[in-house]
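My questions are about this predicted structure, shown below with the sequence.
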Amino acid sequence: MASRVRRSAVAGSWYPGDRATLAAEVDARLAAAAGACRGRLVGLVSPHAGLRYSGAVAAEAYALLRGRRALTVVLVGPSHRVAFEGVSVYAQGAFETPLGMTRVAEDVAEALARAHPSITTDPWPHREEHSLEMQVPFVQRAAPDARIVPVLLGTQTRAVVDVLAAALAGAVAGRDVVLVASTDLSHYHSSARAGALDAQVTECVARLDPEALMDRLEAFPGHACGGGALAAVVKAARGLGAVRGQVLRYATSGDVEAGDTSRVVGYLAAALTAAAPA
């Protein structure tokens, strides 16, 4: 089916490793989500922690894809494991999880790679990265016919964000595409401190203000591990007509099973939407 298959790196640890258990868990979370937003969906924000911790939040975003056909989902996240300059697009083949394979939208991936020299198609940074893999089971269950474009940021500077945002807006214009920013928010603060830090990020998302978001990230990078990915998607979404950001759900790891609230990770689900067609 595909010339190159990116095998799962975290199945069996970050999420269930067998098909039936994973499908049941993702389906249950999608069924519990509200699945509604105002306007035409342009982009989503979703966390990428272990399914046990952030799955309920991620489901609030991906529930908005249910029933969508012939859709391309561009997944944009940070590289945690491989340091490199610029942006890496996984441009050929498919991503595999226990639920099966999801093909890459190679036409969109190639258009992205042509947009700027700093956007490469080196598959190596994707090999063990979880930030995009954690999105794929939700895509597979919410929109089974969708294709994906996996995009990793090796550096999350303002210059890289600007390049990627322009490339995204240009590559997907006129296509049935939803952009997804994969990011967790603050890490290992008390719940009260995390709430205050994370509110600054959610405010920027709600206002669709990528410049203010980058200001905050440059002042304190600990606001989000995928802050550059988030800023790039927000900026691209604005270029594609988005006019509002809707916070769908916010939670922390401390909300799971009455967990430890002294050192939590923040999770956000949001929808970036344009005005509905007349």
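Thanks, I have the structure now. Residues are numbered from 1 along each chain as shown.

Residues touching stretch 208-221, excluding its own?
Stretch 208-221 is contacted from outside by 156, 158, 161, 165, 197, 200-201, 204-205, 223-224, 227-228, 230-232, 234-235, 237-238, 242-245, 272, using CB atoms under 8 Å, 6 or more residues apart in numbering. Heads up, the C-betas are built off the backbone N, CA and C, glycines and all.

isn't Leu153 right up against Pro78?
Yes - judged on CB atoms under 8 Å, Leu153 makes contact with Pro78 at a distance of 5.5 Å.

Find residues that contact each of those two.
226, 228-229.

shaky segments in the protein?
The chain contains residues with pLDDT under 70 at 1-3, 257-258, 277-278.

Report the beta-bridge partners for the spatially most central residue of it.
Closest residue to the average C-alpha location of the chain: Ser182 at 2.6 Å, with CA atoms, centre = their mean. Here Ser182 sits in beta bridges with Ser46, going by DSSP bridges.

From what I see, it and Ser79 are in contact.
No - contact criterion CB under 8 Å: Ser182 and Ser79 do not qualify, at 11.1 Å.

Tyr90 is in contact with Ala109, isn't it?
Yes - using CB under 8 Å, Tyr90 is in contact with Ala109, at 7.1 Å.

quick one: common contacting residues for these two?
Listed as contacting both Tyr90 and Ala109 by CB under 8 Å, 6+ apart are 121, 149.

one step back: which residues are common contacts for Ser182 and Ser79?
Ser131.

And Gly39, how far from Thr273?
From Gly39 across to Thr273, the span is 4 Å (CB to CB, to the nearest Å).

Which of those two has more residues huddled nearby?
Thr273 (23 against 17; other CB atoms under 10 Å).

Run through the residues that contact that one.
37-42, 242-246.

can those go into JSON lines with extra columns for secondary structure?
Shown next, in JSON lines, are the contacts of Thr273 (DSSP: H, G, I helix; E, B strand; the rest coil):
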{"residue": "Cys37", "secondary structure": "coil"}
{"residue": "Arg38", "secondary structure": "coil"}
{"residue": "Gly39", "secondary structure": "coil"}
{"residue": "Arg40", "secondary structure": "strand"}
{"residue": "Leu41", "secondary structure": "strand"}
{"residue": "Val42", "secondary structure": "strand"}
{"residue": "Ala242", "secondary structure": "strand"}
{"residue": "Val243", "secondary structure": "strand"}
{"residue": "Arg244", "secondary structure": "strand"}
{"residue": "Gly245", "secondary structure": "strand"}
{"residue": "Gln246", "secondary structure": "strand"}
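
State the pair within those that is farthest apart.
Within those, two members stand farthest from each other by CB to CB: Arg40 and Gly245, at 13.6 Å.

Which of the two has more residues huddled nearby?
Between Arg40 and Gly245, Gly245 has the larger neighbour count (other CB under 10 Å), namely 23 against 14.

Quick one: residues contacting that one.
Neighbour list for Gly245: 205-208, 234, 270-273 [criterion: CB under 8 Å, 6+ apart].

let's go with 6 Å and repeat that
Taking CB atoms under 6 Å, 6 or more residues apart in numbering, we find Gly245 in contact with 205-206, 208, 270, 272.

where do the helices sit along the stretch 101-250 of the chain?
Remark: helices assigned in the stretch 101-250 of the chain by DSSP state H, counting those that start in this stretch are 106-115, 130-133, 136-142, 158-172, 191-206, 210-219, 227-239.

List just the one of those that sits closest to Tyr15.
Closest among the helices of the stretch 101-250 of the chain, using CB to CB: helix 136-142, at 6.4 Å.

And the contacts of the closest one?
By CB under 6 Å, 6+ apart, helix 136-142 touches 22, 26-27, 30, 58, 62, 65-66, 73, 95, 97, 99, 102, 146.

Those residues in strands, which ones?
Members of the contacts of helix 136-142 lying in strands (criterion: DSSP state E): 73, 95, 97, 102.

what's the most distant pair in the residues you listed?
Farthest pair in these (CB to CB) is Val73 and Thr97. Separation: 14.0 Å.

thinking again about what came up before, turn the contacts of Thr273 into a markdown table, including distance to His48.
Formatted as a markdown table, those follow (distance: CB to CB, whole Å):
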| residue | distance to His48 |
| --- | --- |
| Cys37 | 21 |
| Arg38 | 25 |
| Gly39 | 25 |
| Arg40 | 25 |
| Leu41 | 20 |
| Val42 | 20 |
| Ala242 | 22 |
| Val243 | 26 |
| Arg244 | 24 |
| Gly245 | 19 |
| Gln246 | 20 |
